[in-house]
Structures are given as structure tokens and as C-alpha cells.
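A.B. asks: I would like to see how this sequence folds:
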Amino acid sequence: MSRGRRYEEPKLNLKKVFAVILAFVVIIMSIFVIHGILSKEEKTGGITSKTYFSAYKDNKWGVIDENGETVIEPSYEEMIIIPDNKTDIFLCTYDVNYDTGEYSTKALNSENKEVFTDYTKVEAISNTDKNNNLWYEKNVLKVQKDGKWGTINQKGEQLLNTEYDSITAIQGIENTLLIQKDGKYGVANNEGRIILDVAYTEITNLGDDTTAGYIVKDDTGLYGIVDNSKNVVLANNYQEIQKVYGNNLYVVTQDGKQKVVNSAGEDVLTQGFEQISAILKTQDQGVIYVSNGQYGVMTLTGEVKIPAQYSNLVEAKANTFIATKDGKQGIVDIDNNEKVPFNYTSISYNETGDIYIAEDENFNSNIMNSNFEIKQTGILIEVNTDSGYFELRQEDDYKYYNFRFEERDVKDILNNNTLFLDKKDNKYGYLDKDGNVVVEYIYDDATEQNEYGYASVKKDGKWGAINSKGEVVQEPTYNLDDYLIVDFIGKWHLGKDINMNYYNQE
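C.D. replies: Numbers count the residues shown, from 1 in each chain. Purely as a prediction, here's the structure:
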């Protein structure tokens, strides 16, 4: 019995056995999954902790990372496009025939291995804003196969089938792709969802984002407006629809005459102007109109509030307008009272900070509050709405202010930096967070560290760079006086065309 009891007592706990077996299965599956992910990333590229940049050296293009290390040796005749600099997908164009327009493309990862080889072409989808700043649509690439275009994400997963004659971005609008097939157009987003069916002869954006809808032209040759849910906002009854709208009002041309209509297609304002340039933000307030080439403001009943006497007029906020007269800009209110004199080459309004930035012909900026009081003056370096500050250069010093015009310590603004610019006896050096001198005061000009830890320093008219420890990584050898922005990553300096966002080494 005792022998039998010994065998009976340690009975197997089936739940625990099952749990142990399951745990081993999970571990084994995890190994395979991780291996699969790594294999896929090796094949297609993937999100990494690095940041990548196009690089130009000896008339060839390559790729570097945020440490200035070469990832793809500069060996290509055409600039390498990096759609997302946090993802190691690099698009190379080669065998370009400038006479016929023919070319080849391929995609490489950080190991210089070709990816997305199922397609004859792989390209980024470029876009530009109203200031012509270039960017690439996020997490989407267009690919060609058998002469037709589709889209994939950066993992190589198919989003739109390769069945379209062309795929382009609607300019200035993120996440909105114009797709063409058999002479008709539609709209898709970056995830591959069809927003508007391929049924129109022409499509363009109405506003600065997708919420306003789209101006569409149908087979009748007339224009209407359709929203993101394919609902008809205005029927296709108009010879033209301007990109001017607000408060459910639209500026259209019908029977050769421009007018303002509401979303029901009813006339709201039909006379007293040659052209409407804007609908005012305040409900039922009115419009900015043009007469004899001059701008003014009238209500929706036709009452003139500001006579057409300015060469340009832009609404900053309710009842406040940035006006241009005799080549200079000032600010007037809805009753045409001058609030800021016409002394400036440009004035802009920052809605987030509720501040006005007025720049003169010497590039000095007066920063004003909502009451048009000048609170700070200097050369404007940056307005950072995300962190709530603006940076000015004042008497060769860099100062930081929040939107209440309170000076901020640079250590609070740039709290990830290890070095901080300082000036003494008209020379620049760097301190650490405790105020200790790390870099002696030997430079004629300098910048704060960039997000990759490098600072630009100028000596004897030439620029170079130091790293986050204050060590010289590039002796001052570059004359960059005609560059808009001086910035370094290791030995590489930002290219002259900042819109291209590449780094150069000579």
C-alpha cells in the first residue's frame, strides 16, 4: 500500500502541466514570430531608432544617419528619397533618360538590400504646401506593376491594387490621393480607402484640409461640391467654384457672373463687387471684396464696412485685418480704424499664441499682443507653437519668450540639450546645465545644439561643428554665409536648398 500511496500522492496537476506546455508553445511561437518580423524587416525595411537623411558628396547621392555615419555610400546620380526618415526605406532613381523621360527605381534598406522587388517602380508620393514646402505622404508608397499604379505601406502590404493610370497627392492636403483610371478621377486616403469613386473628370480640394470637401467636375462640364461622405453639398450647376468658403457660404460663377450662394444653392450676395476673395470668419459678418483692383469689406447685405482702398486685405481674426497700402502693411479694424501703422514689409498673425509678428525692411520683427502693443523686438528665429515659445536674436544674444512675453531660460526650453550657448566678451562658448564652461569662448558665432546633439560654430568666417560633449567633429572650414540655415550632423552640413532637406560634405 505504501508503494502505491507514493505513486498516488504526487498526482499530476493537469492544469499546471497544460500551463507549462502552453508556455513553451508561446515561447516557441514568439521565437518564430520574432524571427518572421526580423526577416520581414530585413526584407522590406522597418521602423528603427535611427533617423536618416539624404547625403551629397563628390556629386553623388547617398544616405547618412543622425550620427553622420554613412548608411548608403554616395554613389547615385539622382537624389535618394527618404519618405519617412525614421524608417529605413530609401528610394533610388537610376538609368534616367532625360530625352524620353524614362527611368528606373529601386528601394533599399539600411543593409543596402533591395526591397519591394515585386514591382517595376517604387516611388514616394510628394506633396507641397502653399509656401511650396515639400513633404512626402506618410506610410504610403506608390508602386507600378504591368504599367499600372497602386499603393503599399512601408511594410510592403498592398493598400490600393495596381489598377490605376496615375496616383498623385492633392496638393497641400495630407492623406488625400488623387487616383485616375480610364480618364476619370477619384480620391483615396493613405490607408487605401476610397473616399470618392472614380467618376469625375476633375477633382480639386476646396479648403486646406479634407473637412471642407472637394470641388468636382462631371461629364456636363459643370462644377459642384462633394463632401468626404460622398454627399452632394452643391450640385454641378456652376461654371466655376472658387476655393473661397465659410459659414456654409460658397463663391461660385454662374452664367458668367460671380456670386455668393449658401449650401442650398440660394443666392446670398450678387452685386457690388468684381470679385470675392474671402468669406469672413464671423457668422453673417460679410466678405472681403475686390473693386477696381482694390480690396475692401462688405456685409452680406451689401453694406460697405471698409472701402476698397487697399492693394491686399487679409482677415487675421474677427474684425481685424492685415492691410497693404503703398507697398507697406498695417492693421485696421472692421470700421477701418488704423490699429498698426503701415510701416512694415510683412505682418502675420499667429493664432495659437494670439500674437502679431511685424517685420521691417531690415528683418527686425516687432512682436505684438492682441492689443497691438509691441512687447518684444528682434530678429525672429523661430515660433514654436507646440512648445509655446518664440525665439529672438536680440543684440547678438538668443532669447526665448513664451506667448505671455515672459522670458524663458534656455535650459527649460531645450531641456534635452547637454550644452547651452553663452556669450562673453563678444565671443561664444558653451556651458553645461550647471553653468560650467565646457567650450571656451572662442567662436565668432554659434548655434544651440540641434536635436541630434550637434552645434554649429563659426570662427574666422568659416563654419564647423561640435558634438554633445563639446568636442570638435568638424573644424570650421565651410563658408556658409549665403545659406539660410546653418546646421550640422557630424561632418555634414545642411544643403543650401533647405526644402530638399539633405546634408552635404565637400
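A.B. asks: Can you name the residues that contact Leu68?
C.D. replies: That one is not Leu; residue 68 is Gly. Gly68 makes contact with Val473, Ile489, Gly490, Lys491, Trp492, Tyr503, according to CB atoms under 8 Å, 6 or more residues apart in numbering. (C-beta placed from N, C-alpha, C; glycine too.)
A.B. asks: can you rerun that using 6 Å?
C.D. replies: Ile489, Gly490, Lys491, Trp492 (CB atoms under 6 Å, 6 or more residues apart in numbering).
A.B. asks: Now do the SS call for the closest residue to the first one other than its chain neighbours.
C.D. replies: With sequence-adjacent residues excluded and distances taken as CB to CB, 6 or more residues apart in numbering, Ile489 is closest to Gly68, at 4.8 Å. The three-state label for Gly68, taken from DSSP: H, G, I helix; E, B strand; the rest coil, comes out as coil.
A.B. asks: can you tell me the helix or strand for the nearest residue to Gln239 once chain neighbours are set aside?
C.D. replies: Spatially, and ignoring its direct neighbours in sequence, Gln239 is nearest to Thr253 (4.9 Å; CB to CB, 6+ apart). Here Thr253, judged by DSSP states H and E, is contained in strand 249-254.
A.B. asks: If we go by neighbour counts, what in that strand is buried?
C.D. replies: Within strand 249-254, the residues scored as buried using 16 or more other CB atoms under 10 Å are Leu249, Tyr250, Val251, Val252, Gln254.
A.B. asks: Now for the nearest residue to the second one once chain neighbours are set aside, how many residues are close by?
C.D. replies: The reference is to Tyr250. Nearest residue to Tyr250, sequence neighbours excluded (CB to CB, 6+ apart): Val261, at 5.6 Å. Counted with other CB atoms under 10 Å, residues neighbouring Val261 total 21.
A.B. asks: Please name the residues that touch Asn450.
C.D. replies: By CB under 6 Å, 6+ apart, the residues touching Asn450 are Asp487.
A.B. asks: quick one, phi psi at it?
C.D. replies: Asn450 adopts backbone torsions of phi -90, psi -180, taken as degrees, to the nearest 10.
A.B. asks: any idea how far it is from Lys325?
C.D. replies: 40 Å (CB to CB, to the nearest Å).
A.B. asks: and if you look at Leu141?
C.D. replies: Distance of Leu141 to Lys325, given as CB to CB: 48 Å.
A.B. asks: ok, the two, which is more surrounded?
C.D. replies: Neighbour tally, Leu141 and Lys325, criterion other CB under 10 Å: the higher count belongs to Leu141, 26 against 16.
A.B. asks: Run through the residues that contact the more buried one.
C.D. replies: Counted by CB under 6 Å, 6+ apart, Leu141 has contacts Val122, Ile152.
A.B. asks: again, only using 8 Å
C.D. replies: Counting by CB under 8 Å, 6+ apart, Leu141 touches 83, 89, 91, 107, 116, 122-125, 151-154.
A.B. asks: just Gln239 next, same as before
C.D. replies: Applying CB under 8 Å, 6+ apart to Gln239 gives the contacts Leu222, Tyr223, Thr253, Gln254, Asp255, Gly256.
A.B. asks: For Val252, see how far away the residue nearest to Tyr250 is.
C.D. replies: From Val261 to Val252 the distance is 6 Å (CB to CB).
A.B. asks: where are the low-confidence patches of the stretch 151-300 of the chain?
C.D. replies: 283-284 (pLDDT under 70).
A.B. asks: now swap in the chain and tell me
C.D. replies: In the chain (pLDDT under 70), the answer is 1-48, 283-284.
A.B. asks: beta partners for the residue nearest to Gln239?
C.D. replies: Beta-bridge partners recorded for Thr253 (DSSP bridges): Glu240, Gln258.
A.B. asks: Centre-most residue in this structure?
C.D. replies: For the chain, the residue nearest the mean C-alpha position is Trp135 (5.9 Å; CA atoms, centre = their mean).
A.B. asks: All the helices of the stretch 401-506 of the chain, residue numbers only.
C.D. replies: Per DSSP state H, counting those that start in this stretch, the stretch 401-506 of the chain carries helices over the ranges 410-413.
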